[in-house]
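**Student:** Sequence and predicted structure below; questions after.
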Amino acid sequence: MRQIPLPTFALLIFACGPTLAQAPGNAVQPGDRLQVAACVRQGPAASAACVGSVAVPCVRSASGDRRDAEIACARREEAVWRERLVLATQMLGRTLDAGGRSQFAALQLAWEGFAVQKCAFYGSAQVPARSAGLRAGCELREIGQRALEVERFAAGRNRRPPARPPQIIR
């Protein structure tokens, strides 16, 4: 199996293959980051409900064309989840050997392709006026759920082993 050095690991899985739509220069807003982090800290049961915690109120408070707001607000929150996904991937990469990193990189690329196709299909199945907003929402959900999944997996791998290995008493 081809081995990927750790520094290039996170870059590789987000730079190759198909990618979900990303607004250029879509920087994470600190308030959005804090809002998502506070929601996720409530625990695993509440975490799934955190996806949309920025976008939904953003759309509700928007004035003007709601379709434009749906897209802009979804992209705004998506930037937070994408950042969390990159950080979780880096954290996970530190716990994996080279073979595990290669395997995860392949898995991540496959997931990204799946998500792109799923959201493209979902968007194309809608009326044209709603297609872009619903596709943006799909992409937000996919990235948010994937970030939570990788965060949980990485956190589980970061648990320390016991201070002393167990001893066999004879």
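**Tutor:** Cool, got the structure.
**Student:** Assign a three-state SS to the spatially closest residue to Pro44 that is not a sequence neighbour, would you?
**Tutor:** The shortest distance from Pro44 to any non-neighbouring residue, by CB to CB, 6 or more residues apart in numbering, is to Arg152 (7.0 Å). The way it works is simple: take the backbone N, C-alpha and C, and place the C-beta from them, glycine included. Following DSSP: H, G, I helix; E, B strand; the rest coil, we place Arg152 in the helix state.
**Student:** Neighbours of Met91, how many?
**Tutor:** By other CB atoms under 10 Å, the residues close to Met91 number 17.
**Student:** cool, and Phe121?
**Tutor:** Look at Phe121: counted by other CB under 10 Å, it has 11 neighbours.
**Student:** What's the first helix or strand after the least confident helix or strand in the chain by mean pLDDT?
**Tutor:** The helix or strand of the chain with the poorest confidence is helix 6-15; it has a mean of 50 (mean pLDDT, DSSP states H and E). Next helix or strand after helix 6-15 toward the C-terminus (DSSP states H and E): helix 30-40.
**Student:** for that next one, the distance to its chain's centre please.
**Tutor:** 14 Å (CA atoms, centre = their mean, to the nearest Å).
**Student:** Same check on stretch 55-70?
**Tutor:** With CA atoms, centre = their mean, you get 22 Å for stretch 55-70.
**Student:** end-to-end on that stretch?
**Tutor:** 8 Å (CA to CA, to the nearest Å).
**Student:** which residues does Ser61 contact?
**Tutor:** Listed by CB atoms under 8 Å, 6 or more residues apart in numbering, Ser61 has no contact partners.
**Student:** likewise Ala74?
**Tutor:** Applying CB under 8 Å, 6+ apart to Ala74 gives the contacts Ala55, Gly133, Ala136, Gly137, Glu139, Leu140.
**Student:** What is the burial count for Ala120?
**Tutor:** Neighbour count for Ala120, taken as other CB under 10 Å: 17.
**Student:** In this structure it contacts Arg135, no?
**Tutor:** Yes. Here Ala120 reaches Arg135: they are 7.1 Å apart, a contact under CB atoms under 8 Å.
**Student:** what does stretch 35-49 contact?
**Tutor:** Cys50, Ser53, Val54, Glu77, Val80, Trp81, Arg84, Gln145, Leu148, Glu151, Arg152.
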